[in-house]
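# No letters, just coordinates:
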């Protein structure tokens, strides 16, 4: 838990952090969390963007299932049979929903005078290609539009997610972009 990019960044900058992340969540869920956060003028946000083929599925009330391609490997996916399918997850519609979620946060941060850095951690080609010309976007891969896992240096204990060396590399790229943006 101490070998993740946001911990490296906060240690290097000697700042306290609040982590709003939750595993397997979508851009729209993440956006909602940022828009609900108690942001203050001058705050800094580093948003590790994920793949747009994820979405929250509201079961009852506030009970949410975070659906993505790997969701269908889980036993609980059976209760969604015929309602949510793998085709639903891969629908291009989710790219548009993800872009809208990002733009909403950008607009909100601008109005609140909050600095926002979009970090293409697990972002897909379609979204990274749209954002790569923005100064507040850093693609973790060397080029915009590459697959999100092409820059892994090592893997975490689950053999799916990036390991400590990869997180360290992420933090270096993020810190470099923060330096270029002149964040103090």
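Thanks, I have the structure now. All of these numbers come straight from a predicted model, not from anything done at the bench. Numbers count the residues shown, from 1 in each chain.
# quick one: the strands in this protein?
Secondary structure of the chain (DSSP state E): strands at 44-49, 55-58, 64-67, 115-120, 137-139.
# so can I have CSV of the ones you listed showing mean pLDDT and mean neighbour count?
The way it works is simple: take the backbone N, C-alpha and C, and place the C-beta from them, glycine included. Below are those laid out as CSV (pLDDT from 0 to 100; neighbours: other Cβ atoms under 10 Å):
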stretch, mean pLDDT, mean neighbour count
strand 44-49, 95, 21
strand 55-58, 84, 16
strand 64-67, 83, 18
strand 115-120, 96, 22
strand 137-139, 93, 23
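# list the buried ones in the longest helix along the chain?
Among the segments of the chain that qualify as a helix by DSSP state H, the longest is helix 93-112. Under the neighbour-count criterion of 16 or more other Cβ atoms under 10 Å, helix 93-112 has 94-95, 97-99, 101-102, 105-106, 108-109, 112 buried.
# can you redo the strands of the chain as TSV with distance to residue 158?
Shown next, in TSV, are the strands of the chain (distance: least, Cβ to Cβ, whole Å):
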stretch	distance to residue 158
strand 44-49	17
strand 55-58	22
strand 64-67	16
strand 115-120	21
strand 137-139	24
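# and residue 29, which of those strands is closest to it?
strand 55-58 (4.8 Å; Cβ to Cβ).
# Show me what that closest one is packed against.
Using 3 or more Cβ pairs under 8 Å, 6 or more residues apart in numbering; DSSP states H and E, the elements in contact with strand 55-58 are helix 27-36, strand 64-67.
# Give the pairing partners of the last one; include direction for each.
Strand pairing for strand 64-67, using DSSP bridges, gives strand 55-58 (antiparallel).
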